[in-house]
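Peer 1: the following comprises the amino acid sequence and a computationally predicted model.
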Amino acid sequence: MDFEYQWLLLALPLAFAFGWLASRFDLKQWLREEKDSPKAYYKGLNLLLNEQHDKAIDAFIEAVQQDPDTSDLHFALGNLFRRRGEYERAVRVHEHLLNRADLPKTERDRAQHALAQDFMKAGIFDRAERAYQALDGTAFDTEARLALLTLHERSRDWRAAVDVAQRLEHRGTGSFASRIAHYWCEIALETDAKHQPEDALAAIRRAREAAPQAARPLVLEGQFAARRGDHAEVLSLWGVLMVAHPASFNLVAREYATSALACGEKDAALQRLLALYDRNPAMDLLDAIDVLEADPTKRRDRLLAHLRNHPSLSAAQAAIGQSGTMAFSEPEAVALRDAIGRAAQPLHRYRCAACGFEAQRYFWQCPGCHNWDSYPPQRIEEQ
C-alpha cells in the first residue's frame, strides 16, 4: 500500500509538468498562427493596393489556409476573384461559406448577397435572380431588389421589372414612376411587334397613368396613331408634348408637320411651330416648318437667319443646298455641301450625359451605361 502511494506522489508532479508543457506548446502554436494569419492578410491588402492582384490572391489563399474559420478572409478572397473576372472561383468561395453550419445569420446573408453578385457579374441571370430573391426580408433586401430591377432590365423581362419597381416605390425607396412608364412603353413595343395593337395601346395607357407628364408615352402613342391614320389624334397628343416637353417635341417635329398636312391643319400647325421655334430655336423645328411653308423665299430667309443667330454645320449645309447655285456652279455646290455634311456627321449624334456614349439615333435608355432619360433630345452641335 505504501508502495502505491509513493508512485502516486511521484506521478502527480509528472502529470502536472507534462500538462504545463502541453499547454505551453498549444499556446505558442496558437500565438504563432494568430501572428502569421494577420501578416498574410495585410500582405494581401498591400499587394492589392499596389495592383498586384495575382500575388494578392496567393497571399489571401495562404491566410485562409492558416485560418479557415475566418469569414472575412473568405469574403476578401471571393470579392477579389470577382473583380478579376474569375467568377467560378468566387462562387466556390461564397458557396463554401454558405455551407458552413456555424456561420451566423448576418454572415450567411452577406455570403448570399456576395454569391448573387457573382452570378450577376457572370451573366448567369437565372441563378442570380434566385440568389437575390433569397435575400427577401434581410438587411440586403433593398439592395437585392434594386439589383433584381437591373437584372430584369438586362434580360428585358419588363413585366417583372414593373412589379419590382412598384414594390420598391411602395416601400419608400424612391420614385420609380418614370422607369415604370418606360417599362410599359417597352411592353407596348413588344406587343405591337407581335401584331397586338389593342394590347400595345393598353400598355401605353398604363405608361401614361404611371407618369402622366413623361414624354415617351406621348411620343409613342402619337406614332401609333399616325400609323393608324388618325392624324387628328396625333396633333392632339403631340400638342400636349409641345407644351410639356418642347425639347422632346423636336424628336417628332417633322412627323407632326406631316400629320398636319394629312388632316388639313397646315396653317394652324405652322403657326404653332413658328411660335415654338421663337422660344426654342432648333434645326429639327426649322425642318418641320419647311414641310409646311409653301413660300421658298421665306424658307430661305428663315434658314439664313438661323445660320446667323445659331451657326452650325447643319445649318450651313442646308443653306448651301438652297442657295449654293447662286454663288457656285452646280458641281461646286454639291461638292461643298458634301464636304460640310461629312464634317458635320459626328455632330449629328446624340450623346449620353451620364457616360458620353454617342449614337446616330435617339435612345430612351443608354446602350452604354443603361441609364434612362440620360440622352438630351438635342444633337451634339445644338447642345
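Peer 2: Right, received. Where do you want to start?
Peer 1: which regions of the chain lie under the pLDDT threshold?
Peer 2: 1-70, 313-317, 319-347, 383 (pLDDT under 70).
Peer 1: what about the strands in it?
Peer 2: Taking DSSP state E, the strands of the chain run over residues 350-351, 358-359.
Peer 1: point out the most buried one among those.
Peer 2: Of all these, strand 350-351 has the most neighbours on average by mean count of other Cβ atoms under 10 Å, namely a mean of 20. C-beta coordinates here come from the backbone N, C-alpha and C atoms, glycine included.
Peer 1: and that one, what other elements does it pack with?
Peer 2: Here strand 350-351 touches strand 358-359, going by 3 or more Cβ pairs under 8 Å, 6 or more residues apart in numbering; DSSP states H and E.
Peer 1: okay, the strands of the chain in CSV with distance to Ala318 next?
Peer 2: Shown next, in CSV, are these (distance: least, Cβ to Cβ, whole Å):
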stretch, distance to Ala318
strand 350-351, 19
strand 358-359, 22
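Peer 1: tell me how many other residues crowd the residue lying closest to His96 once chain neighbours are set aside.
Peer 2: Leaving out its chain neighbours, the residue that sits closest to His96 by Cβ to Cβ, 6 or more residues apart in numbering is His74, at 7.0 Å. Using other Cβ atoms under 10 Å, His74 is surrounded by 24 other residues.
Peer 1: show me what contacts His74?
Peer 2: Val64, Val93, His94, His96, Leu97 (Cβ atoms under 8 Å, 6 or more residues apart in numbering).
Peer 1: list the contacts of Ala203.
Peer 2: By Cβ under 8 Å, 6+ apart, the neighbours of Ala203 are Trp184, Cys185, Ile187, Ala188, Thr191.
Peer 1: again, 6 Å this time
Peer 2: Ala203 is in contact with Trp184, Ile187, Ala188, counting by Cβ atoms under 6 Å, 6 or more residues apart in numbering.
Peer 1: what's around the residue nearest to Cys355 when sequence neighbours are not counted, how many residues?
Peer 2: Leaving aside its sequence neighbours, Cys355 sits nearest to Cys369 (Cβ to Cβ, 6+ apart; 3.9 Å). Using other Cβ under 10 Å, Cys369 is surrounded by 13 other residues.
Peer 1: hang on, Cys369 packs against Ala353?
Peer 2: No. Look at Cys369 against Ala353 with Cβ atoms under 6 Å: they stay out of range, at 10.0 Å.
Peer 1: please enumerate the helices of the stretch 151-300 of the chain.
Peer 2: Assigned by DSSP state H, counting those that start in this stretch, the stretch 151-300 of the chain shows helices spanning 158-170, 177-193, 197-210, 215-228, 231-244, 246-249, 253-262, 266-279, 283-292, 296-309.
Peer 1: where does the residue nearest to Cys355 sit relative to Glu221, distance-wise?
Peer 2: Using Cβ to Cβ, to the nearest Å, one gets 27 Å for the distance from Cys369 to Glu221.
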